[in-house]
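Colleague: Sequence below, structure please.
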Amino acid sequence: MAMEIERKFLVRAERLPVLENGIYIEQAYIPTTNGTTVRIRLAGELAFLTIKTKASGFSRREYEYQIPVADAQEILQEACPIGHIEKRRYLIPQDALVWEIDIFGGDNEGLIVAELELESEQQEVELPDWIDREVTLDPRFSNFSLSRVPYKSWPLQEAQAGQ
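Modeller: Alright, predicted model coming up:
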């Protein structure tokens, strides 16, 4: 069992450094009723099944298992026919940390989010100038929420407030 401690931020696209070697990710969620999420993800040539418990602050338990790509493709088609997330992920190292920059496509096109996994909720982080604002505790920006209520479907004022 692993504890995921993650912070999420909106990004000022015009300030990002040049991004290279991104990996295409497609993912969707199998419905549950208790706040736990079950995610199927295709990431380049790999596939994963991930179970995440309901978040408490910045933290939640995460269980992730690599699965055969063919199984993931079948599950995405059969068990998750709607609500797919498409994004390209880029990595930017900073000191001992790595920023994950997700540039969304499909129904969430226009949204750019940066995520950072930490050792503790109290860990200090120097924010790069391309960070706009933190959205860690805003449920609209969870990938699960974006799979249900995509960014492109938000009212214009809400989408602009999110950016």
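Colleague: Identify the residues contacting the nearest residue to G44 once chain neighbours are set aside.
Modeller: Excluding the flanking residues, the one nearest G44 by Cβ to Cβ, 6 or more residues apart in numbering is I23, at 4.6 Å. (Each C-beta comes from the backbone N, C-alpha and C, glycine too.) Applying Cβ atoms under 8 Å, 6 or more residues apart in numbering, one finds that I23 lies in contact with 43-44, 88-89.
Colleague: Quickly name whichever of these is closest to E14.
Modeller: E14 has its nearest neighbour among the contacts of I23 in R88, at 17.7 Å by Cβ to Cβ.
Colleague: my guess is the closest one meets G106, correct?
Modeller: No. Counting by Cβ atoms under 8 Å, R88 stays clear of G106, with 11.1 Å between them.
Colleague: what about L156, how many neighbours?
Modeller: Neighbours of L156 under the rule other Cβ atoms under 10 Å: 7.
Colleague: sorry, that was for I25
Modeller: 20.
Colleague: next one: phi and psi at it?
Modeller: Dihedral angles of I25 (phi, psi; degrees, to the nearest 10) stand at phi -130, psi 130.
Colleague: From the contacts of I23, list just the buried residues.
Modeller: Among the contacts of I23, those classed as buried by 16 or more other Cβ atoms under 10 Å are 43, 89.
Colleague: Please identify which of the contacts of I23 is nearest to C80.
Modeller: Checking the contacts of I23 one by one against C80 (Cβ to Cβ), the nearest turns out to be A43, at 15.4 Å.
Colleague: ok, for that closest one, nearest residue in space, not its chain neighbours?
Modeller: Excluding its sequence neighbours, the residue lying closest to A43 (Cβ to Cβ, 6+ apart) is I25, at 4.9 Å.
Colleague: Next, the contact list for that neighbour, please.
Modeller: By Cβ under 8 Å, 6+ apart, the neighbours of I25 are 41-44, 85-89, 102.
Colleague: So it versus K54, what's the distance?
Modeller: Distance, I25 to K54, by Cβ to Cβ, to the nearest Å: 23 Å.
Colleague: Ok, S145 next?
Modeller: For S145, the distance to K54 equals 13 Å [Cβ to Cβ].
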